[in-house]
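In: Build me a model:
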Amino acid sequence: MAKGFRRVITRLPNNASANAGSPSRLHFSVLGPAWLRCAFGVMANRHKYTVTVFAFVLLLLALVLWGSSRPVPAATSLAVGFVGMTNGPARQMTPTRIEVCQGATGLCAMFSVRDVSSNRWIWFKTASIEQKTPTGWQTFLPNGTSWSGVEGGYWSPGYGCLYAVGWPPGLPTNATWRLRVSYGREPSRLGRVVNRKLGREIFHREEAVISSEEVSQ
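Out: Numbering: from 1, shown residues only. Sure, this is the predicted structure:
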């Protein structure tokens, strides 16, 4: 039996005995050297990272294009109605919320502001004042900088409250006037996150302008 075993050994290839006694060479023949496996691992990780970054850029681009193509909101998303005149109003939360705008002392106009949409979170801000003249509505600039009109943000569908707006400084008390209010749909939560991360408004807020009801004494 020993002779037979020796005969089997002598029939093996010349490098078989060397590989049998050398674990490193056997490892190389099956899996390759360690440095080569490491290189392949680094390449695979870089490839995964590149694919991830590329996918994120494509997603961001798609969101930007989608956001920029969204239509301007319909005028029915916000309603600004004139309720009446008051004198020296105070802010309150119940039973009806009343907000007092800057400069709203003395004679004030009360406006009812409401998000009348069914699915839009909106923002709004007074853009200007218009005075009624024999030739039509003309922009009126109030005296000083202490006056402001209605303003709000992140209003849910159906929400509303009353605003006390001071009589515009410099406007005759027998004049008829109205507010021009810019408003629009707030960016989505994802859009706000992207804007905050990039430090700029990639996702712009939609915008439209409406007029309030006329104010007169």
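In: Check for me that Leu190 belongs to a helix.
Out: Yes: under DSSP: H, G, I helix; E, B strand; the rest coil, Leu190 sits within a helix.
In: per-residue confidence at Thr145?
Out: At Thr145, the model reports a pLDDT of 77.
In: That one: neighbour count?
Out: Thr145 has 9 neighbours, counted by other CB atoms under 10 Å. (C-beta placed from N, C-alpha, C; glycine too.)
In: again with Leu171
Out: Neighbours around Leu171, by other CB under 10 Å: 18.
In: Pro172 too?
Out: So Pro172, with other CB under 10 Å, has 10 neighbours.
In: Could you number the chain from 391 rather than 1 from now on?
Out: OK, 391 is where the count begins now, so the last one is Pro562.
In: Domains in this structure, by residue range?
Out: Split into domains by automatic domain parsing, the chain comes to 423-458, 465-601.
In: which of those is buried the deepest?
Out: Highest mean neighbour count among the domains of the chain (mean count of other CB atoms under 10 Å): domain 465-601, with a mean of 16.
In: Cross-check the contact I'm expecting between Glu604 and Lys522.
Out: Yes: between Glu604 and Lys522 a contact is recorded at 7.0 Å, counting by CB atoms under 8 Å.
In: Where do the helices of the chain begin and end?
Out: Ranges of helices in the chain, per DSSP state H, are 392-401, 404-410, 413-421, 424-458, 579-588.
In: What ranges in the protein fall below the confidence cut-off?
Out: For the chain, applying pLDDT under 70 flags the ranges 391-439, 441, 443-466, 594-596.
In: Who does Arg568 form a beta bridge with?
Out: Glu520 (DSSP bridges).
In: Can you give me every residue that contacts it?
Out: By CB atoms under 8 Å, 6 or more residues apart in numbering, the residues touching Arg568 are 519-520, 522, 527, 601-605.
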